[in-house]
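Student: Give me the fold of what follows.
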Amino acid sequence: METSSIILLLVSTSVSFAVGRVVMHFRKRHAHQKTLALQELEQAQAQRDRLAEPDSLNKAKRKRQLLAIDKAARKTDK
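Tutor: Numbering: from 1, shown residues only. Predicted coordinates for the structure are as follows:
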């Protein structure tokens with residue numbers, strides 16, 4: 001084989017490998033984002049489907065429960 005043919009073969013092989021790696025990187029990233037979005041949807045659905053706890057008769061405990069609910073709501077809004 002001539003030197004130019006070997007160089008052309010090496011360049012084409014490296015370009016092909018690089019393009020393949022870039023494509024796989026973006027496919028993996030897209031799949032990961034899709035998985036995260038699905039998990040967020042499942043968590044939101046579980047939050048909506050959760051049964052409401054009965055209010056406590058203790059005034060201080062009721063206040064703590066309301067503060068915890070508000071804190072959780074602010075945390076999910078971020």
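Student: Check the offset of the lengthiest helix in the chain from the chain's centre.
Tutor: Among the elements of type helix in the chain, defined by DSSP state H, the one spanning the most residues is helix 3-49. Its chain's C-alpha centre lies 15 Å from the corresponding centre of helix 3-49 when counted by CA atoms, centre = their mean, to the nearest Å.
Student: how big is the angle separating the helix or strand where A72 lies from helix 3-49?
Tutor: Here A72 is covered by helix 59-77, with elements defined by DSSP states H and E. For helix 59-77 and helix 3-49, the angle between their directions (axes from the mean of the first three to the mean of the last three CA atoms, to 10 degrees) works out to 150 degrees.
Student: Buried residues, helix 59-77. List them.
Tutor: Neighbour-count burial for helix 59-77, counted by 16 or more other CB atoms under 10 Å, picks out no residue. Any C-beta I mention is one placed from the backbone N, CA and C, and that applies to glycine too.
Student: So what does N58 have for phi and psi?
Tutor: Torsion angles at N58 (phi, psi; degrees, to the nearest 10) stand at phi -80, psi 120.
Student: now it: how far from Q65?
Tutor: According to CB to CB, to the nearest Å, N58 and Q65 sit 10 Å apart.
Student: next one: L36
Tutor: Noted for L36: a distance of 30 Å to Q65, by CB to CB.
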